[in-house]
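K.L.:
predicted model and sequence below, questions to follow.
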2 protein chains.
Amino acid sequence: MPTLSADDQRLLARRQSALGPSYRLFYDEPLHPVRGEGVWLFDADGRRYLDAYNNVPVVGHANAAVNAALIAQSQLLNTHTRYLHDNVVQLAERLRALFPAELDTSVFTCTGSEANDLALRVAQEYTGRQGLIITRHAYHGVTMALAQCSPSLCPPAAHVEVIDPPAFQGMDAQAAAAAFAQRVDAAAEALEARGTPVSALLLDTVFASDGVHIDAAPILEAAAQAVRKRGGLFIADEVQGGFARTGRWWAFGRESVVPDMVTMGKPMGNGHPIAALVLKTPLMEVFGKRCRYFNTFGGNTVSAAVAMAVLDELERMDAPTHVRRVGGHLQQALQSLAAQHGSITQIRGEGLYWGVQLQSGSLASAVVNHLRQAGVLISTSGPLGDTLKIRPPLPFETEHADLLAGALDEALRVRA
Amino acid sequence: MPTLSADDQRLLARRQSALGPSYRLFYDEPLHPVRGEGVWLFDADGRRYLDAYNNVPVVGHANAAVNAALIAQSQLLNTHTRYLHDNVVQLAERLRALFPAELDTSVFTCTGSEANDLALRVAQEYTGRQGLIITRHAYHGVTMALAQCSPSLCPPAAHVEVIDPPAFQGMDAQAAAAAFAQRVDAAAEALEARGTPVSALLLDTVFASDGVHIDAAPILEAAAQAVRKRGGLFIADEVQGGFARTGRWWAFGRESVVPDMVTMGKPMGNGHPIAALVLKTPLMEVFGKRCRYFNTFGGNTVSAAVAMAVLDELERMDAPTHVRRVGGHLQQALQSLAAQHGSITQIRGEGLYWGVQLQSGSLASAVVNHLRQAGVLISTSGPLGDTLKIRPPLPFETEHADLLAGALDEALRVRA
């Protein structure tokens, strides 16, 4: 394994001293990028890396149109939502146009964590209940309330019931949906028995930290019906799956389900901290009677301008169509690799979000580090860390998919 | 009361439709600003308003140096802290230099809410306890955990004990400190009796939402001693008081106390969403053993560049000295008004954070709306809304203080 430069070793020591033990770095040899452009990152030595990992810069690193909007509004005015301003209203209207009619109210926050945390508060106020159903290795954010329902971070709290994520490939679609709905129902029953009936089912619609499970079966629809029958709400966490990532504006759109609330974040500002909760008006009316909600930076004039520029860019490139085209190409390349490499046990995903499950977590880690040395950036996912996580900026083209597949082919030949 | 223009009426209706009932506006006639510059806001008709309210744009609206840093780094690279990068390390080192030596570790978030929420998580993990002591009308943020300890938003939870804020003007300093410490001790005892011993005392160091109480007595020091004697930590919430607002870098610096944790937010990025928790390393070591913490946008390359530019600007203007000078002038002007207007019952504050208590909440509201029509922006605070809240961007000069005092004089003559 190559060693860090003397400069980077000094920086690493200073980092550990000033940031403390909660900060982690990717890769055995950490990457030190200094510049980004489209799907590329460049390190301090000018070496370039194909970014097949970062979903936040959804319209590409250092996107010029997004930066132009950021600059123009920052030079005019950055202020909060307790003054009248066009930007936050326009952004809310543009989001609303991307959802089924019932999802007509937007509340802006700075992070997906804040959006998910608010969704839980609304669910609790609306239902008068505390219980929560999530998947086994879910990750929903970093606040105290979310850490309690993010088993990939911390053990779940007593009011949280954990169910297995869907993993039904090859199974009949209706039977798969019924099986997942049955898990939701059993979890709701367990919560009732514990005296904390269910307020909501909270699902990452691509099940990213569970290892990426995007199934053809109508499992979200069946799960939503099951939780509603028990008096709970269905919250779609689209922080990972949203903004055309799967070839649809929202990952829940692969089914006919309409969630009660949808949260979004990471790619919304292409790196600028903006996130949102989009929900049915009656829910916010009940919440608003009992609680105020004001987020100092959420939906400020600059954040709203940036988020609109990201929507402009996604629309300009017709992101859903682009993602389906390049994603289809990537899927074929990955399937071709799976036919050659017995070390690949399963491929799951859609559009430009893929999980490539390998025989072990140690192999996945070796492959990720090999690729980093070969100039291609990905990471791992799943409870055992055995799944390669691939989710590039959306300007990813078929040539980049081929480059990634070629490097992965070589990594598997060397490491498996 | 003047009515909104037809354009603004349409915008208001669209806003209510798209943003829902949790969004509120300031003033009987909402303000529609379109441009900011220094301490001035300009509305759609080109009318200018003296901003004596907004603490977020701490180095002035549309600050050119901060925007230059924002633009330069956005055009290079915006990425997270799991890659090596100089910016987040440099920012942590610069923050550390502004604190007593024990406060040597920084964790970056996007909002003061996220910083306070993390502080509570660290306190609970470190002490193995849940209980919390706060003041009666405290506001600490919008997450579920913080709403439970922000009585100005929602009723407090069962593990939260509420004490009266300090209000000891005229009392002997040592007696005042002892009285406040006694409240902390009694609250800790009550929490123990309820089976939820205290993990932390969380105090806004300027007691902003309690009505602005900045006392000469060493109350923070005495309170910290009292909670530590009971096994709890002292968290200084500097989201309102930090970054030279009171004429010191941190409001807790008016005493000799060293908090166990300090949170900061609002002014840190002059409007860009960045916030931080600064704490003693051993606390984060205990937390880090049990929990990971990763904030996608927190401390990203752009946010860190912006926060450093804000520190540069504060240092360039020697903000603490400037604030003491202009704040002293403002204090004299307010005291002179109090001598003329019986409707002013008390003046509290320091530097450029002042609370002017009036005879009633309805008078305070009338004065705030009168000033808005006169082109001067302030708001109200305190449990009864009877306290005028004055906290301008720090480039506020003595001439602006005179303008504010003149307008306030007239408003009190007309409205009281």
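P.N.:
Nice, thanks for sending it over.
K.L.:
wait, a strand at residue A:107?
P.N.:
Yes. Counting by DSSP: H, G, I helix; E, B strand; the rest coil, residue A:107 is found in a strand.
K.L.:
isn't it up against residue B:22?
P.N.:
Yes. Judged on CB atoms under 8 Å, residue A:107 makes contact with residue B:22 at a distance of 6.2 Å. Bear in mind the C-beta positions are built from the backbone N, C-alpha and C, glycine included.
K.L.:
ranges for the helices of the stretch 101-250 of chain A?
P.N.:
Listed in chain order, the helices of the stretch 101-250 of chain A (DSSP state H, counting those that start in this stretch) span A:112-127, A:144-147, A:173-193, A:219-229.
K.L.:
burial of the residue in the stretch 301-416 of chain A positioned nearest to chain B, as a residue count?
P.N.:
Closest to chain B within the stretch 301-416 of chain A is residue A:302: 6.7 Å, counting by CB to the nearest CB. Neighbours of residue A:302 under the rule other CB atoms under 10 Å in any protein chain shown: 27.
K.L.:
per-residue confidence for it?
P.N.:
In this prediction, residue A:302 carries a pLDDT score of 98.
K.L.:
so where does it fall, helix or strand?
P.N.:
Element membership for residue A:302, per DSSP states H and E: helix A:301-316.
K.L.:
so what does that helix touch, helix or strand wise?
P.N.:
Under the contact criterion of 3 or more CB pairs under 8 Å, 6 or more residues apart in numbering or on different chains; DSSP states H and E, helix A:301-316 touches helix A:64-76, helix A:86-96.
K.L.:
which positions in that helix come out as buried?
P.N.:
A:301-311, A:313-314 (16 or more other CB atoms under 10 Å in any protein chain shown).
K.L.:
now the helices and strands packed on helix A:301-316 as JSON lines including distance to residue A:218, mean neighbour count and mean pLDDT?
P.N.:
Below are these laid out as JSON lines (distance: least, CB to CB, whole Å; neighbours: other CB atoms under 10 Å in any protein chain shown; pLDDT from 0 to 100):
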{"stretch": "helix A:64-76", "distance to residue A:218": "35", "mean neighbour count": "19", "mean pLDDT": "98"}
{"stretch": "helix A:86-96", "distance to residue A:218": "25", "mean neighbour count": "21", "mean pLDDT": "98"}
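K.L.:
can you list those in TSV and add distance to chain B?
P.N.:
Formatted as TSV, those follow (distance: least, CB to the nearest CB, whole Å):
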stretch	distance to chain B
helix A:64-76	5
helix A:86-96	4
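K.L.:
okay, these in a markdown table with distance to residue B:253 next?
P.N.:
Formatted as a markdown table, the entries for those read as follows, by distance: least, CB to CB, whole Å:
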| stretch | distance to residue B:253 |
| --- | --- |
| helix A:64-76 | 31 |
| helix A:86-96 | 36 |
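K.L.:
quick one: the worst-scoring helix or strand of chain A on mean pLDDT to helix A:112-127, angle?
P.N.:
Within chain A, no helix or strand scores below helix A:281-290, which has a mean of 92 by mean pLDDT, DSSP states H and E. Going by axes from the mean of the first three to the mean of the last three CA atoms, to 10 degrees, helix A:281-290 is angled at 80 degrees with respect to helix A:112-127.
K.L.:
CA atoms of helix A:281-290 as PDB?
P.N.:
Extracted C-alpha coordinates of helix A:281-290, given in PDB (Å, rounded to 0.1, in the frame of the first residue of the first chain):
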ATOM      1  CA  THR A 281     -51.200  19.600   4.000                       C
ATOM      2  CA  PRO A 282     -53.500  18.200   6.700                       C
ATOM      3  CA  LEU A 283     -50.500  16.700   8.500                       C
ATOM      4  CA  MET A 284     -48.700  20.100   8.700                       C
ATOM      5  CA  GLU A 285     -52.000  21.700   9.800                       C
ATOM      6  CA  VAL A 286     -52.200  19.400  12.800                       C
ATOM      7  CA  PHE A 287     -48.500  19.900  13.600                       C
ATOM      8  CA  GLY A 288     -48.800  23.700  13.100                       C
ATOM      9  CA  LYS A 289     -51.500  24.000  15.700                       C
ATOM     10  CA  ARG A 290     -49.300  22.700  18.400                       C
END
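K.L.:
which strands and helices sit next to it?
P.N.:
In this structure, helix A:281-290 packs against strand A:103-109, helix A:112-127, with contacts taken as 3+ CB pairs under 8 Å, 6+ apart.
K.L.:
could you list the residues in contact with the shortest one?
P.N.:
Just to be clear, that refers to strand A:103-109. For strand A:103-109, the external contacting residues (CB atoms under 8 Å, 6 or more residues apart in numbering or on different chains) are A:81, A:88, A:91-92, A:95-96, A:115, A:118, A:258-259, A:262, A:265, A:274-281, A:283-284, A:293, A:295, A:298-299, A:303-304, B:17-20, B:22-23.
K.L.:
among those residues, which ones are buried?
P.N.:
Neighbour-count burial within the contacts of strand A:103-109 applies to A:81, A:88, A:91-92, A:95-96, A:115, A:118, A:258-259, A:262, A:265, A:274-280, A:283-284, A:293, A:295, A:298-299, A:303-304, B:18-20, B:22-23; the criterion is 16+ other CB under 10 Å.
K.L.:
ok, back up a step: including mean pLDDT, could the helices and strands packed on helix A:281-290 go into a markdown table?
P.N.:
As requested, those are exported to a markdown table (pLDDT from 0 to 100):
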| stretch | mean pLDDT |
| --- | --- |
| strand A:103-109 | 98 |
| helix A:112-127 | 98 |
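K.L.:
dump the ones you listed to a markdown table, plus distance to residue B:43.
P.N.:
As requested, those are exported to a markdown table (distance: least, CB to CB, whole Å):
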| stretch | distance to residue B:43 |
| --- | --- |
| strand A:103-109 | 22 |
| helix A:112-127 | 30 |
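K.L.:
which bits of the stretch 201-350 of chain A sit near chain B?
P.N.:
Proximity of the stretch 201-350 of chain A to chain B is confined to A:265-266, A:270-274, A:281, A:284-285, A:287-297, A:300, A:302-303 under the rule CB under 8 Å from any CB of the partner chain.
K.L.:
and with 7 Å instead?
P.N.:
With the criterion set to CB under 7 Å from any CB of the partner chain, the stretch 201-350 of chain A comes near chain B through A:266, A:271, A:273, A:281, A:284-285, A:287-288, A:291-293, A:295-297, A:300, A:302.
K.L.:
most widely separated two among those residues?
P.N.:
A:271 and A:285 (33.5 Å; CB to CB).
K.L.:
and these two? Which one has more around it.
P.N.:
A direct count of neighbours by other CB under 10 Å for residue A:271 and residue A:285 places residue A:271 higher, at 32 against 14.
K.L.:
now the more buried one, nearest residue through space, not along the chain?
P.N.:
residue B:78 (3.6 Å; CB to CB, 6 or more residues apart in numbering or on different chains).
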